[in-house]
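> have a look at this prediction, sequence included:
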2 protein chains.
Amino acid sequence: MNRTEIATLGEFGLIDHLTKDIQLNQESSVKGVGDDAAIVDNGGRRTLVTTDLLLEGIHFDLIYVPLKHLGYKAAVVNFSDIYAMNGRPQQITVSLGISKRFSVEDLESFYEGVKLACDIYGVDIVGGDTTSSLTGFTISITCIGTADAERIVCRSGAKESDLLYVSGDLGASYMGLQLLEREKTAFDGTGDIQPDFSGKEYLLERQLKPEARKDIVKLLEENGIVPTAMIDLSDGLSSDMLHICKQSNVGCQIFEERLPIDYQTAMMAETFNMNVTTVALNGGEDYELLFTVPLHLHDQMESIKGVHLIGHISKPETGCYLVTRDGQEMQLRAQGWNHISDE
Amino acid sequence: MNRTEIATLGEFGLIDHLTKDIQLNQESSVKGVGDDAAIVDNGGRRTLVTTDLLLEGIHFDLIYVPLKHLGYKAAVVNFSDIYAMNGRPQQITVSLGISKRFSVEDLESFYEGVKLACDIYGVDIVGGDTTSSLTGFTISITCIGTADAERIVCRSGAKESDLLYVSGDLGASYMGLQLLEREKTAFDGTGDIQPDFSGKEYLLERQLKPEARKDIVKLLEENGIVPTAMIDLSDGLSSDMLHICKQSNVGCQIFEERLPIDYQTAMMAETFNMNVTTVALNGGEDYELLFTVPLHLHDQMESIKGVHLIGHISKPETGCYLVTRDGQEMQLRAQGWNHISDE
């Protein structure tokens, strides 16, 4: 038998390859693979389903991630997928693979974080599976959400001339991760050296305890606005924007000068000698909402606090570009995470 | 901080401990942790949600499990949980953690198995997550099912004097596993020695390619029978019967002479010098349905092919017993899997 290395396809290529001939046969399957969540019909309201698998050493490093934070984040990133469909998360199942180096107290800490997130977002834990693991800590969370059929927002609905908005700011979570990696020796280490995080709390919080933008989804609803397309930023603005463009069959222009970047992010990028625009485009794990609305809603959008107009949708043949401060056009590229090809 | 070893609680103890103070706050959460699947209301029909996490080295050994079979089984065991609630599986999400020793062709084989199971059972693959793993192959499948509110069967509905039925036969999957373990050297090994499985195909099939009892659920429906309690046999008859007894607050009597055991299972138990009744009680992975029906339906149950009357439900104070061929009463004990405490 031939052997094709997985690295030759990459993450997105592999998923496309494995799922390309999957057909939907059940009447209740409205939408399958390829969006933030699947859509299941149940005669009126729709059920949304999303799932995430988090593996130790790939998605988190227990040397600097407290288990309570990990539980919180593992839940929240799933809620974020449901909000990205303009839905409301309702239930989660939590499956854990645990190694014997874990104590009951460790798992209690993890569950505390999950429960805190569930309390804050109004979600119930309704099931799961617990098993031992011969190796690292394994977390699989599935989230069930609900939405009105006519209010669900997919990645595929963006139209030419739509305005492009993003909530919050970009790149902070990635800079938090860099900071933690740099200070890892202090955690690891043999002594009294404590890492110095003062003045960088925002970056750490964005990395260790991100929030899902329930508030933005609520604000949009209160203002009667239904985006034409939406995605949550997990892989980074570039990659996630390209998902919208590909699935909506459109192009886009994003303006560098409009990218929302926090002061701490900019400072830290400078310290690390990184280009802050690259950080904002490719950092990932922002869990902000990226969405498009029709041009005529521009004035109404003014009343939505916490979102930023960063560009617009264009014809597919014009491509997907960042317009730099000096007016150059730079093609957006999918970075995604590259765990697989990095190996 | 105190450190309590997980082994002190065991699997079921750990789950109870971590989930004991979980409350359901969402109106749509009908039932949470503690049955084969969670129940979500959506204004009429109910959505069922179940999830399974399978880890290499714990739940499967790739030395003798072909990837296509693994995919098939990983899907089917989730369908089985939905049937055990008297529901119909509709959609699954498939999340995989893959190590670099896997090729694209390996994953194709795995997916082939998942797709075959989905085709046969009429289920759609609607999502998932694919990531790299630093260690073993990790599989997390979540299944969404549907059921009429008034036809859902939980573990908690068994009543005194109900009759106790089990579908198919018991212990074959466990004997198949023993056989594979014994022959592992031949697979491992350095040479031409091929394992001899002739006459034992049934045992291997039960272990490597189990089926969920869609047929039994359909037969019961066609005959207008709704069980009072039901569970699918994953941990073994003893453990799973005790789940029903505990959650229904009842006792039971199971008759040894009535335990359905296939000829190949009995032969193989003898070869391995194992007590075949112990195998039937504690073997696990049968994926048969164990259920209770009211006494007055006894005659109607005669027309349901493929199920066996093995005992009855009693008062809680009488306890849970196996009545042996020579009339002794032997208390049922929860074995479950003991991966965690075995470590």
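Perfect, thanks for sending it.
> residue contacts, A:Glu221?
Residues counted as contacts of A:Glu221 (C-beta atoms under 8 Å, 6 or more residues apart in numbering or on different chains) are A:Arg151. (C-beta placed from N, C-alpha, C; glycine too.)
> element containing it, please.
Using DSSP states H and E, A:Glu221 maps to helix A:214-222.
> now the element after that helix, going C-ward?
strand A:229-232.
> how far does that next one sit from the chain's center?
10 Å (C-alpha atoms, centre = their mean, to the nearest Å).
> output it as PDB, restricted to C-alpha atoms.
Extracted C-alpha coordinates of strand A:229-232, given in PDB (Å, rounded to 0.1, in the frame of the first residue of the first chain):
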ATOM      1  CA  ALA A 229     -21.300  35.500   7.700                       C
ATOM      2  CA  MET A 230     -19.500  34.900  11.000                       C
ATOM      3  CA  ILE A 231     -16.600  32.800  12.400                       C
ATOM      4  CA  ASP A 232     -14.700  32.900  15.700                       C
END
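> pull the residues that contact it.
A:36, A:80-81, A:83-86, A:153-158, A:162, A:212-213, A:240, A:243-244, A:247-248, A:287-292.
> same for the helix or strand following that strand, what does it pack against?
Next along the chain after strand A:229-232, taking DSSP H and E as the criterion, comes helix A:237-248. Applying 3 or more C-beta pairs under 8 Å, 6 or more residues apart in numbering or on different chains; DSSP states H and E, we find helix A:237-248 packed against strand A:229-232, strand A:251-255, helix A:276-282, strand A:289-293, strand A:320-323.
> nearest to A:Ser133, of those?
Nearest to A:Ser133, of all these, is strand A:229-232, at 28.1 Å by C-beta to C-beta.
> that closest one pairs with which strands, and in what direction?
In the sheet, strand A:229-232 lines up against strand A:289-293 (antiparallel) (DSSP bridges).
> now what about the partner strand, what contacts it?
A:83-84, A:153, A:157-159, A:162-167, A:213, A:216-217, A:225, A:227-233, A:237, A:240-241, A:244, A:248, A:301, A:307, A:313.
> relative to strand A:251-255, how tilted is it?
120 degrees (axes from the mean of the first three to the mean of the last three C-alpha atoms, to 10 degrees).
> check which element follows strand A:289-293 along the chain.
Strand A:289-293 is succeeded, C-terminally, by helix A:298-301 (DSSP H and E).
> quick one: average pLDDT of that next one?
Helix A:298-301 shows a mean pLDDT of 96 in the predicted model.
> which residues does A:Gly176 contact?
A:Gly176 neighbours (C-beta under 8 Å, 6+ apart): A:Lys200, A:Leu203, A:Leu204, A:Glu205, A:Arg206, A:Gln207, A:Leu208.
> likewise for A:Tyr165?
Here A:Tyr165 is in contact with A:Leu290, A:Phe291, A:Thr292, A:Val293, A:Met301, A:Ile304, A:Val307, A:His308, A:Leu309, A:Ile310 (C-beta under 8 Å, 6+ apart).
> and the strand or helix carrying it, how far out from the chain's middle?
Using DSSP H and E, A:Tyr165 sits within strand A:163-167. Chain-centre distance of strand A:163-167: 15 Å, with C-alpha atoms, centre = their mean.
> got it, and stretch A:99-107?
Using C-alpha atoms, centre = their mean, the offset of stretch A:99-107 from its chain centre is 28 Å.
> then stretch A:198-215?
Worked out by C-alpha atoms, centre = their mean, stretch A:198-215 lies 13 Å from the chain centre.
> stretch A:320-334 too?
The answer for stretch A:320-334 is 22 Å, by C-alpha atoms, centre = their mean.
> for it, buried residues please.
Neighbour-count burial for stretch A:320-334 flags A:Cys320, A:Tyr321, A:Leu322, A:Val323, A:Leu332, A:Ala334 (criterion: 16 or more other C-beta atoms under 10 Å in any protein chain shown).
> so who does the second one touch?
What that stands for is A:Tyr321. By C-beta under 8 Å, 6+ apart, the contact set of A:Tyr321 is A:Gly251, A:Cys252, A:Gln253, A:Ile254, A:Glu329, A:Met330, A:Gln331, A:Leu332.
> what is the neighbour count of the residue nearest to A:Val279 when sequence neighbours are not counted?
Distances taken as C-beta to C-beta, 6 or more residues apart in numbering or on different chains put A:Gly171 closest to A:Val279, at 3.9 Å, once the chain neighbours are dropped. By other C-beta atoms under 10 Å in any protein chain shown, 32 other residues sit near A:Gly171.
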